[in-house]
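*Asks:* just need the structure, nothing else, for what follows:
(one chain, ligands or ions: 2)
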Amino acid sequence: MENVLKMEFSALAENEAFARAAAAAFVMPLDPTVEEVTEIKTAVSEAVSNCVIHGYGELCGDESFAKNEAPTIVMECALEKGNRLTITIEDKGVGIDDVDQAMEPLFTTGDEEERSGMGFTVMQSFMDRLKVRSSKGEGTTVIMTKYLDVPGEY
Ligand SMILES: Nc1ncnc2c1ncn2[C@@H]1O[C@H](COP(=O)(O)OP(=O)(O)OP(=O)(O)O)[C@@H](O)[C@H]1O
Ligand SMILES: [Mg+2]
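*Replies:* Ligands and ions are numbered 1, 2, ... in the order given. Down below sits the predicted model:
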């Protein structure tokens with residue numbers, strides 16, 4: 001049995017809260033623990049803010065980009081096999097040069113004063129699996145899997 005939610009929204013910082021709340025609402029029927037919900041919300045926030053800040057950050061000043069292709073983020077939440085939650089967050093932004101390096105704790109290409117380089121590490125620690133696919137100039141897809149602590153089917 002599978003349940004899927006797919007949504008596309010403008011890559012704006014104010015939509016981060018909506019994405020986070022939507023993911024939390026999606027898992028509510030499984031009666032998750034407060035801790036699980038907090039972990040899911042935090043992981044979604046980190047992934048979405050990366051799309052806004054890094055994926056599209058430098059493109060936002062690009063006039064043709066703004067005119068022709070309003071930058072958006074696609075989030076898909078899927079529940080399979082009763083308790084396997086997969087959240088996929090995708091942007092069509094600048095992409096990542098070296099994914100392994102980007103995933104290292106403390107690595108950042110951002111402003112050292114504002115960014116700590118811990119987003120991927122947070123996603124990794126709060127979810128059971130994290131996969132990052134990215135190509136330069138084409139965008140980035142983050143796939144996070146978490147096994148919720150619920151018995152049997154939902
Ligand atoms: N969606 C994305 N598009 C392009 N580059 C990305 C994307 N997500 C992450 N990156 C790259 O990976 C690096 C590491 O990301 P990570 O979230 O771990 O740290 P950060 O965003 O730099 O800092 P923090 O999340 O702690 O504020 C970023 O600095 C950026 O270079
Ligand atoms: Mg980050």
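
*Asks:* of all the residues in the protein, which ones are close to ligand 1?
*Replies:* Contact residues, the chain versus ligand 1 (Cβ under 6 Å from any ligand atom): 46, 50-51, 54-55, 91, 93-96, 102, 107-110, 115-120, 140. C-beta: built from backbone N, CA, C; applies to glycine.

*Asks:* among those residues, name the buried ones.
*Replies:* 46, 50-51, 54-55, 91, 93-96, 102, 115, 117, 119-120, 140 (16 or more other Cβ atoms under 10 Å).

*Asks:* can you tell me which of the residues of the chain next to ligand 1 are in helices?
*Replies:* 46, 50, 102, 119, 120 (DSSP state H).

*Asks:* contact partners for the second one?
*Replies:* What that stands for is residue 50. 119, 140, 142 (Cβ atoms under 8 Å, 6 or more residues apart in numbering).

*Asks:* Throw those residues into CSV and include pLDDT and distance to residue 31, thanks.
*Replies:* Converted to CSV, these look like this (pLDDT from 0 to 100; distance: Cβ to Cβ, whole Å):
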residue, pLDDT, distance to residue 31
119, 98, 28
140, 98, 32
142, 98, 26
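
*Asks:* hmm, who's touching the host helix or strand of residue 25?
*Replies:* Element membership of residue 25 [criterion: DSSP states H and E] is helix 16-27. For helix 16-27, the external contacting residues (Cβ under 8 Å, 6+ apart) are 3, 5, 7, 9, 36-37, 40-41, 44-45, 48-49, 52, 73, 75, 77, 79, 85, 87, 89, 148.

*Asks:* distance from it to the middle of the chain?
*Replies:* Relative to the chain's own centre, helix 16-27 is displaced by 11 Å; criterion: Cα atoms, centre = their mean, to the nearest Å.

*Asks:* reformat the contacts of residue 50 as TSV; add distance to ligand 2.
*Replies:* Converted to TSV, the contacts of residue 50 look like this (distance: Cβ to the ion, whole Å):
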residue	distance to ligand 2
119	3
140	11
142	10
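
*Asks:* how about residue 80, nearest residue that isn't a chain neighbour?
*Replies:* Distance criterion Cβ to Cβ, 6 or more residues apart in numbering; nearest residue to residue 80, sequence neighbours excluded, is residue 2 at 5.0 Å.
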